[in-house]
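>>> just to be clear, the model below is a prediction. Sequence and coordinates:
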There are 2 protein chains.
Amino acid sequence: MVESTAFSLERYSLAARERVNGALDAYTRFDDGCPAQLSEAMRYSLLATGKRLRPLLALLAVEACGGDESAAMPAACAVEMIHAYSLIHDDLPAMDDDDLRRGRPTCHKVYGEALAILAGDALLTLAFEVLARDVQPPVVAAECCALLARAAGCSALVGGQADDLAGQFSDGGVEALMAIHRRKTGAMMLVSLQLGATIAGADERQLAALTEYGQCLGLAFQITDDLLDVRGETQAMGKRVNKDSDRGKLTYPGLLGIEESTRRAEALVARATLALEPLEPQAAGLQALALYVLHRNH
Amino acid sequence: MVESTAFSLERYSLAARERVNGALDAYTRFDDGCPAQLSEAMRYSLLATGKRLRPLLALLAVEACGGDESAAMPAACAVEMIHAYSLIHDDLPAMDDDDLRRGRPTCHKVYGEALAILAGDALLTLAFEVLARDVQPPVVAAECCALLARAAGCSALVGGQADDLAGQFSDGGVEALMAIHRRKTGAMMLVSLQLGATIAGADERQLAALTEYGQCLGLAFQITDDLLDVRGETQAMGKRVNKDSDRGKLTYPGLLGIEESTRRAEALVARATLALEPLEPQAAGLQALALYVLHRNH
């Protein structure tokens, strides 16, 4: 990870990830009748080693808007639950049919398809339970549920996956590719920031800054993901590389070349950090995170 | 349908179903980027002819507690969306592998497995969007989201389906069968009533009455469902009959015989109607609905 001068993202994110992992663990210890196999399948995917990028965005956003990190922990866990569910379902044989995820066999390879479908359903549902019950006050909880449902719904996350599967825009060029990514990856990254901001009671100026930041960051993240898919090694990525281009799917390097893709990612990260100016100095964490997205190797 | 003396359930439910169907239709006309094929698959399953039992429970509960029916319409739609999603996923090849539902080919037979999985995911998510955004005031919306998530989650609806698939209790007798049904069917019927009551601002006495009613009704519903599966014809049921007993799954008639099962259903409906006494006369609709569950032929 990259260190900014004022803020050690590496030190912060190591500790924050620990807190997130602890909360995710606690949220999935059920003592009220969840079948053991089902909770095992949920925990297998949810607690797998991961960057916890979306939770970090929620936690850093609440701080950037002057709120308290702990208030955003339920939201941080909820966005990671949605992320885990979407990976489980995307990996299914009927979908992307992947055997490997985060360096381990995918959920359905270990627990079978039926339990993997149900584990995804249960994680999606749990995200809303956690948000509705644990975000305070309830009026903010309701707003968070509505925001998350929109970002995870048929016009964003699920819709992006549907279009991606249909190969709908395989002739559509870079604009079409951006449209898929805005929904499939961008919407959940953006809503992670928005949840943190909402919980902090952000004003419109703060929300607008985070929205601009989130839109640039989401796109930059996808471009660097494509670049890693081209350059990466299976070991570093923990999943099959070149899988997108092997399938004839659109990628940024495929459409624009590696050099131009890299240039675009850099420009987007520059725009993202510029957008944070109204929030300084509390946004140092988000600044550092944008640089990390650019320079990450997994 | 059966008519009670004071209340025509048939007349009421025909009209209420129209209102529910109209609201479900409006909720699934997306103009913000939901892929056409995805919304078609969602609407194919959600708008299929159905009893709309869970929405009716929510609407009748709000009236039984002195509230206004229209205030409960978002909740009525949300529980039907959850019901539709659970049917789509339960019917998948990896799950119950059913070709026929409500008299038509199942969602995955028409749209393929991938889109059926996504349509289920999207309906589940939409349920929370509708509830969080449209139930008023927001503090009640948050409570409704938490209640629904619990009833639809891994310790109730999803957990019941996991246990059912695992045949976990196939040697467990009638107690084990009741435990599955309490989660798989009972929890969603109960929460439909609780959402209506919560939206009406019910007091503890009213909530307790509806909870007792809902628990008895849910069990009675499952017993009569099993009886219909034994007695029924595919045409009347709109789905394969004898499918449960063919698969060696536990059923009430299989464990208790037809006569004893019928007796139990009658006793449960008697208890359900007795439980409503504190709510009279506003609970006439729920009284009639209990009798309908006992005497229905589909």
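Okay, I see it.

>>> all strands of the stretch 101-250 of chain A, in order?
Applying DSSP state E, counting those that start in this stretch to the stretch 101-250 of chain A gives strands spanning A:104-105.

>>> now do the helices in it.
All helices of the stretch 101-250 of chain A, identified by DSSP state H, counting those that start in this stretch, fall at A:107-111, A:113-134, A:138-152, A:157-166, A:173-181, A:187-199, A:204-231, A:234-237, A:243-246.

>>> tell me the first helix or strand C-terminal of the last one.
Reading on from helix A:243-246 to the C-terminus, the next helix or strand found by DSSP states H and E is helix A:252-275.

>>> average model confidence for that next one?
Mean pLDDT, computed over helix A:252-275, is 94.

>>> for it, packing partners?
Secondary-structure packing of helix A:252-275 (3 or more C-beta pairs under 8 Å, 6 or more residues apart in numbering or on different chains; DSSP states H and E): helix A:173-181, helix A:204-231, helix A:284-295. Heads up, the C-betas are built off the backbone N, CA and C, glycines and all.

>>> ok, back up a step: need the helices of the stretch 101-250 of chain A in a markdown table (columns: mean pLDDT, mean neighbour count and distance to chain B).
As requested, the helices of the stretch 101-250 of chain A are exported to a markdown table (pLDDT from 0 to 100; neighbours: other C-beta atoms under 10 Å in any protein chain shown; distance: least, C-beta to the nearest C-beta, whole Å):
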| stretch | mean pLDDT | mean neighbour count | distance to chain B |
| --- | --- | --- | --- |
| helix A:107-111 | 98 | 21 | 8 |
| helix A:113-134 | 98 | 27 | 3 |
| helix A:138-152 | 98 | 24 | 3 |
| helix A:157-166 | 92 | 24 | 4 |
| helix A:173-181 | 85 | 17 | 8 |
| helix A:187-199 | 98 | 27 | 10 |
| helix A:204-231 | 93 | 20 | 15 |
| helix A:234-237 | 52 | 14 | 24 |
| helix A:243-246 | 56 | 15 | 17 |
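
>>> can I get those in CSV including distance to residue A:267?
Listed next are these as CSV, based on distance: least, C-beta to C-beta, whole Å:
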stretch, distance to residue A:267
helix A:107-111, 37
helix A:113-134, 33
helix A:138-152, 25
helix A:157-166, 23
helix A:173-181, 14
helix A:187-199, 18
helix A:204-231, 9
helix A:234-237, 24
helix A:243-246, 22
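
>>> which residues sit in contact with the closest residue in space to residue A:202 that isn't next to it in sequence?
Leaving aside its sequence neighbours, residue A:202 sits nearest to residue A:65 (C-beta to C-beta, 6 or more residues apart in numbering or on different chains; 4.1 Å). By C-beta atoms under 8 Å, 6 or more residues apart in numbering or on different chains, the residues touching residue A:65 are A:196, A:197, A:200, A:201, A:202, A:206, A:210, A:279, A:282.

>>> need the pLDDT of residue A:65.
So, for residue A:65, pLDDT stands at 97.

>>> list phi and psi for it.
Dihedral pair for residue A:65: phi -100, psi 10, per degrees, to the nearest 10.

>>> before we move on, what about residue A:153?
Dihedral pair for residue A:153: phi -90, psi -160, per degrees, to the nearest 10.

>>> ok, it to residue B:35 distance?
Here residue A:153 is placed at a distance of 12 Å from residue B:35 (C-beta to C-beta, to the nearest Å).

>>> ok, now residue A:230?
Remark: distance between residue A:230 and residue B:35 (C-beta to C-beta) = 27 Å.

>>> could you do residue A:42 as well?
28 Å.

>>> just residue A:214 next, same as before
Counting by C-beta to C-beta, the gap from residue A:214 to residue B:35 is 23 Å.

>>> end-to-end on stretch A:278-286?
13 Å (C-alpha to C-alpha, to the nearest Å).

>>> list the buried ones in it?
For stretch A:278-286, the neighbour count (16 or more other C-beta atoms under 10 Å in any protein chain shown) marks A:279, A:282, A:283, A:284, A:285, A:286 as buried.

>>> now for the residue lying closest to the fourth one once chain neighbours are set aside: which residues touch it?
The reference is to residue A:284. Spatial nearest neighbour of residue A:284, excluding adjacent residues (C-beta to C-beta, 6+ apart): residue A:7 at 3.8 Å. Applying C-beta under 8 Å, 6+ apart, we find residue A:7 in contact with A:284, A:285, A:287, A:288.

>>> thought the third one was touching residue A:276?
Yes. Under the criterion of C-beta atoms under 8 Å, residue A:287 makes contact with residue A:276 at 5.9 Å.

>>> between these two, which is the more surrounded one?
Just comparing residue A:287 and residue A:276: by other C-beta atoms under 10 Å in any protein chain shown the higher neighbour count belongs to residue A:287, 24 against 21.

>>> not counting sequence-adjacent ones, nearest residue to residue A:250?
Nearest to residue A:250 is residue A:177, by C-beta to C-beta, 6+ apart, at 4.5 Å.

>>> assign a three-state SS to residue A:93, would you?
coil (DSSP: H, G, I helix; E, B strand; the rest coil).

>>> residues contacting the residue lying closest to residue A:277 once chain neighbours are set aside?
The shortest distance from residue A:277 to any non-neighbouring residue, by C-beta to C-beta, 6+ apart, is to residue A:209 (7.6 Å). Residue A:209 makes contacts with A:275, A:276, A:277, A:278, A:279, as judged by C-beta under 8 Å, 6+ apart.

>>> ok, now how distant is residue A:224 from residue A:17?
On the measure of C-beta to C-beta, residue A:224 and residue A:17 end up 20 Å apart.

>>> can you check residue A:265 too?
24 Å.

>>> quick one: which of those two has more around it?
Neighbour count, other C-beta under 10 Å: between residue A:265 and residue A:17, residue A:265 has more, with 24 against 17.

>>> pull the distance from the host helix or strand of residue A:79 to the chain's centre.
Under the criterion of DSSP H and E, residue A:79 resides in helix A:73-91. In terms of C-alpha atoms, centre = their mean, to the nearest Å, the centre of helix A:73-91 is found 8 Å from the chain centre.

>>> now that we're looking at residue A:247, what pLDDT does it have?
Residue A:247 is given a pLDDT of 58.

>>> quick check on residue A:100: phi, psi?
phi -130, psi 140.

>>> residues near it, how many?
16.

>>> and the gap between it and residue B:261?
As judged by C-beta to C-beta, residue A:100 and residue B:261 stand 49 Å apart.

>>> do residue A:152 as well
Taking C-beta to C-beta, one finds residue A:152 at 41 Å from residue B:261.

>>> kindly report the same for residue A:113.
When residue A:113 is compared with residue B:261 (using C-beta to C-beta), they lie 33 Å apart.

>>> likewise residue A:135?
45 Å.

>>> show me which of those two is the more surrounded one.
residue A:135 (25 against 21).

>>> if we ignore the residues flanking it in sequence, what's nearest that one?
The nearest residue in space to residue A:135 (C-beta to C-beta, 6+ apart) is residue A:141, at 3.9 Å.

>>> I'd say the residue nearest to residue A:250 and residue A:254 touch.
No. Look at residue A:177 against residue A:254 with C-beta under 8 Å: they stay out of range, at 9.0 Å.

>>> for residue A:153 and residue B:35, list the residues in contact with both.
Counting by C-beta under 8 Å, 6+ apart, the residues touching both residue A:153 and residue B:35 are residue A:159.

>>> coming back round to it: quick one: the residue nearest to residue A:284 is in a strand?
No. Counting by three-state DSSP, residue A:7 is not part of a strand but coil.
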